[in-house]
Each structure stands twice: as C-alpha cells, then as structure tokens.
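K.L.:
prediction below, plus the sequence it came from.
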Amino acid sequence: MEKLAIHGGNPVREKKIFYGHQCIEEDDIEAVSQVLRSDHLTCGPKIKELEHTLEIYTGAKYAVAVSNGTAALHCACIAADIGYGDEVITTPITFAASANCVLYCGARPVFADIDPDTYNIDPDSIRAHVTEKTKAVIAVDFTGQSIRNKEIRDICNEYGLIFIEDAAHAIGTKYNGRCVGSLADMTCFSFHPVKTITGGEGGAVLTNKKGLYQKLILAHTHGITRDRSMMSDVSQKEPWYYEEISLGYNYRITDFQAALITSQMNKIDRFIERRKIIVKAYDEAFMGLPEIILQQEIPESDTCHHLYIIRLVQERLNCTREGFFNAMAAENIQCQVHYIPVYWFPYYQRLGYIKGLCPKAEEIYQNIMSIPLYPKMDDQDVEDVIHAVIKVTENYRK
Ligand SMILES: *Cc1c(COP(=O)(O)O)cnc(C)c1O
C-alpha cells in the first residue's frame, strides 16, 4: 500500500489543488478592458445587457443584476415584504447568507431538515414547519442539484407563501427541462469566483412577476424611482425630479463586473459540460468504495454540479472526518466542508437556536467533505483527486 503523505510518504501531487477556482480567459479580460476604457463604470449599458442575457438564458421575464448573491437574497426578501414577526423557512445546510437575509429584515429564519440522500431541503419538513407567521420559503439548490420544485411550489400555493430559490450553486441547472431562474417567485444567483461563472463579485434576482420586479429595482437603488407612474406627486414636471418611495440600498453592480459575467455566460454550457465529465469520472471511481456514500440525484434535476461531496462511512474507517480531510490536504488536495449547519454558529446560538433542531442535517454534516471540482481542472488533476481519495480510503480501511 502507498504510504500516506501525512505519514511521510510522497504526496499524490506537488501543487496544491483547491475545491473550486474561477476560469477566466482572454476574451473575458478583453470584455472588462473595453468597459474600463468606456464612459460608464457603473449605471451603464453593460448591466442591462447582462440582465437581458440572464433573461434569455433562463427564460425568466425579468432579471435585476446586483452587487453579490447576498444582496440578491436581501432584495428578494424586501420584495417579498418580509418583516418583523414573519418566519421564513430555509435549510441549515447552506451558506449563512440564505438565512442572514431573513434576519436583515427583522424576521426569523426557521430551519427545516434535509433529505438524507440528496442533502436538499425536505418538502415534508417544510410543511411541518409552516405556521401562521410563515411568509416565505428560501430553498437552496445545494451543490447545484435542483430542489424538489413541484412539491415546494405546491406547499407555497397551499399556504400562500412566497417561494424564493437560492440558486447560488445552480445557474445552468434544469428541472424537468426548465431552467432554474424561471421556476420560483424569485431566484437568486451569485457570481462569486467559486460559483459556475463569475464577475469577481456579483449577483442577480430573477422573477416572472412585474410587481416583484418593480420592488427589486427599488430595493437595489435606494428605493428611488424616476418612473412618474410610481411617484406619489404625479404633478411634478421638472426634468431632474425623482422620489424615494421606499427604503432601499445601494446594491448596484458595476459595468465591468456585468461585462465579465456576460462574457462568462457565453461559456457557461462548456463549463457545465466539463463539470459533468469530471463528476462522471468521480462517480465511476468511487461507486465501488463501501467507505464512501455518494450524493443521490432526483431524476427531475439536470444538474450543473457546483460541488462534489463525498460522505464517509465512519464505521468502516479508522480515521475521523478531520483525519481524512488532513490526509487529503497532505496529498495536496485541499478539500472543504459545505456546510456547518447555519444555526450552530455562535451568533445563531445567541439568538436562541439550539443544536439538535435538524438531526439529519447535523448527522450528514459530520461526515461530508467537498473535493475539487471546477472546469479548469485537467485530466491529470482529476486523476490526482481520484488517486488521493482511493489512497486515503485504502489506508484507513478497517
Ligand atoms: C455563495 C452563496 C451565497 C452568497 O453569494 P455571495 O455572492 O457570496 O454574496 C448565498 N447562498 C449560497 C448557497 C451560496 O453558496
């Protein structure tokens, strides 16, 4: 058996590889340079162009580009009129922003448990947590896999809830052949560098509803409008006149970020194809390992694959999850854990959330880690990751 690097053996590779990385090409750089040479660094034509590109790609009627994915979620909560006294149901296995956006509005996030096979929010658990105070559901397409859209839509319809999809992982995913972005009342994207495509920072909210669209516009630009039909003082005729008609924020994206994201949109399908090929190689390599459980997919989801998660079967291994993680790092494969249950964080604990709320999520959190997955990985990188997982597994096999 090969000696583990953590025990003084040779690492599988010399150069460290991380769980995610952007893919920026010359034409992306050119697209940004053009904007930097132009008149508009912000509030210019590149933002509309990005919004239009997102509308065409997803089939959603309206897109609002914003400064990041967290701002997108906050704007969606504002547009949903979420406020003090409201409850919003979400998953604990997500980035903190999916729940923080509810707190920004003075409302209370309520955590539903996950499906132990797909790791996505379990519609039955959503239903069990609906109360008279529930205003909305924020469902996360964790790892890129679509949530059970129809079941969640049905619950939202039955109780009159607003359905927000946190699709930070899932631009390019389809559910029953339809693009994520056109399916919920509002869908939020992130363009952080580890996500499918990037603008450095960036985000967007998509909707099919004109009323929500108008509120999203206001939320991300100070609540200020120049649209006469929305003003309270319709008699005003001065050309400079505008009104602040609600409380909003400055969540604008810049034109150079918008140009970068639009340029990346040209290659999103190629990126996803590459991700799918890597996922297939991983699946085939790990399927036969009894020490590792692979994430299950619902047949409705044609997944863009943001993350690849391996779940350790502790009873079959002579190491902890941390031991496995550290052994992988010593092989120069830097994994990550997505995610620590949100309500475990000290801030949430101080708000009164207790451990044990979502037993399935907590149980799965103990055993998971994300291995590298991004389109710029070449075949050797993929082989190295597979090699390391098998090497570490075999060394710790009981
Ligand atoms: C990345 C991410 C966000 C936040 O996006 P930012 O652009 O980093 O603000 C929100 N939700 C999930 C699930 C994410 O992965």
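P.N.:
Cool, the structure landed.
K.L.:
near the ligand, which residues of this protein show up?
P.N.:
Residues of the chain lying close to the ligand by C-beta under 6 Å from any ligand atom are 68-70, 94-95, 97-98, 140, 166, 168-169, 190, 192, 203. In this view, the C-beta of every residue, glycine as well, is placed from N, C-alpha and C.
K.L.:
quick check: the residue of the stretch 51-200 of the chain nearest the ligand.
P.N.:
Distances from the stretch 51-200 of the chain to the ligand, computed as C-beta to the nearest ligand atom, single out G69 as the nearest residue at 2.5 Å.
K.L.:
residues near the residue lying closest to that residue once chain neighbours are set aside, how many?
P.N.:
When the adjacent residues along the chain are set aside, G69 lies closest to S190, with 2.6 Å between them (C-beta to C-beta, 6 or more residues apart in numbering). Counted with other C-beta atoms under 10 Å, residues neighbouring S190 total 29.
K.L.:
just to check, S190 is in contact with V205?
P.N.:
No: counting by C-beta atoms under 8 Å, S190 does not reach V205; the two are 10.9 Å apart.
K.L.:
shared neighbours of these two, anything?
P.N.:
When C-beta atoms under 8 Å, 6 or more residues apart in numbering defines a contact, the residues bordering S190 and V205 alike are A72.
K.L.:
quick one, strands of the stretch 101-250 of the chain?
P.N.:
Using DSSP state E, counting those that start in this stretch, the strands found in the stretch 101-250 of the chain span residues 108-111, 134-140, 162-166, 174-175, 178-179, 186-190, 203-207, 224-225, 243-244.
K.L.:
so what are the sheet partners of the third one and their directions?
P.N.:
Pointing back at strand 162-166 there. strand 134-140 (parallel), strand 186-190 (parallel) (DSSP bridges).
K.L.:
minimum distance to E26: which of these has it?
P.N.:
Smallest distance to E26 across the strands paired with strand 162-166 (C-beta to C-beta): 24.4 Å, for strand 186-190.
K.L.:
can I get that closest one as PDB, trimmed to CA atoms?
P.N.:
What follows is strand 186-190, C-alpha atoms only, in PDB (Å, rounded to 0.1, in the frame of the first residue of the first chain):
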ATOM      1  CA  MET A 186     -37.800  34.900  -7.200                       C
ATOM      2  CA  THR A 187     -34.500  33.100  -7.900                       C
ATOM      3  CA  CYS A 188     -31.100  34.400  -6.700                       C
ATOM      4  CA  PHE A 189     -27.800  33.800  -8.400                       C
ATOM      5  CA  SER A 190     -24.200  34.600  -7.100                       C
END
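K.L.:
re earlier: the residue nearest to G69: what's it in contact with?
P.N.:
S190 is in contact with N68, G69, T70, A72, A168, G202, G203, counting by C-beta under 8 Å, 6+ apart.
K.L.:
pretty sure the second one sits against A168.
P.N.:
Yes: with contacts counted by C-beta under 8 Å, G69 reaches A168, the gap being 4.7 Å.
K.L.:
who's more crowded, these two?
P.N.:
A168 (30 against 27).
K.L.:
OK, contacts around the more buried one?
P.N.:
In this structure, A168 makes contact with G69, F95, A97, V140, C188, F189, S190, H192, K195, judged by C-beta under 8 Å, 6+ apart.
K.L.:
may I have the beta-bridge partners of the fourth one?
P.N.:
For V140, the beta-bridge assignment (DSSP bridges) gives partners D166.
K.L.:
dump the strands of the stretch 101-250 of the chain into TSV; add mean pLDDT as well.
P.N.:
Written out in TSV, the entries for the strands of the stretch 101-250 of the chain read as follows (pLDDT from 0 to 100):
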stretch	mean pLDDT
strand 108-111	98
strand 134-140	98
strand 162-166	98
strand 174-175	98
strand 178-179	98
strand 186-190	98
strand 203-207	98
strand 224-225	94
strand 243-244	94
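K.L.:
how about these in CSV, adding distance to Y308?
P.N.:
Below are the strands of the stretch 101-250 of the chain laid out as CSV (distance: least, C-beta to C-beta, whole Å):
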stretch, distance to Y308
strand 108-111, 25
strand 134-140, 17
strand 162-166, 19
strand 174-175, 19
strand 178-179, 22
strand 186-190, 18
strand 203-207, 23
strand 224-225, 43
strand 243-244, 46
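K.L.:
for A281, find the nearest of those.
P.N.:
Among the strands of the stretch 101-250 of the chain, strand 174-175 sits nearest to A281 (C-beta to C-beta), with 21.8 Å.
K.L.:
show me what the closest one is packed up against.
P.N.:
Strand 174-175 is packed against strand 301-302, with contacts defined by 3 or more C-beta pairs under 8 Å, 6 or more residues apart in numbering; DSSP states H and E.
K.L.:
okay, and the common contacts of G69 and A168?
P.N.:
Taking C-beta under 8 Å, 6+ apart as the criterion, G69 and A168 both touch A97, C188, F189, S190, H192, K195.
K.L.:
I figured the fifth one hits T198, correct?
P.N.:
Yes: if you go by C-beta under 8 Å, H192 and T198 touch, sitting 6.5 Å apart.
K.L.:
comparing the two, which residue is more hemmed in?
P.N.:
The neighbour count for H192 versus T198, taken as other C-beta under 10 Å, is higher for T198 (21 against 18).
K.L.:
tell me the buried residues in stretch 128-137?
P.N.:
Applying a neighbour-count criterion of 16 or more other C-beta atoms under 10 Å, one finds H129, V130, T134, K135, A136, V137 buried in stretch 128-137.
K.L.:
touching, the fourth one and C105? I think so.
P.N.:
No: contact between K135 and C105 fails when scored by C-beta under 8 Å: they sit 9.4 Å apart.
K.L.:
which neighbours do those two have in common?
P.N.:
Shared contacts of K135 and C105, defined by C-beta under 8 Å, 6+ apart, comprise I82, D86.
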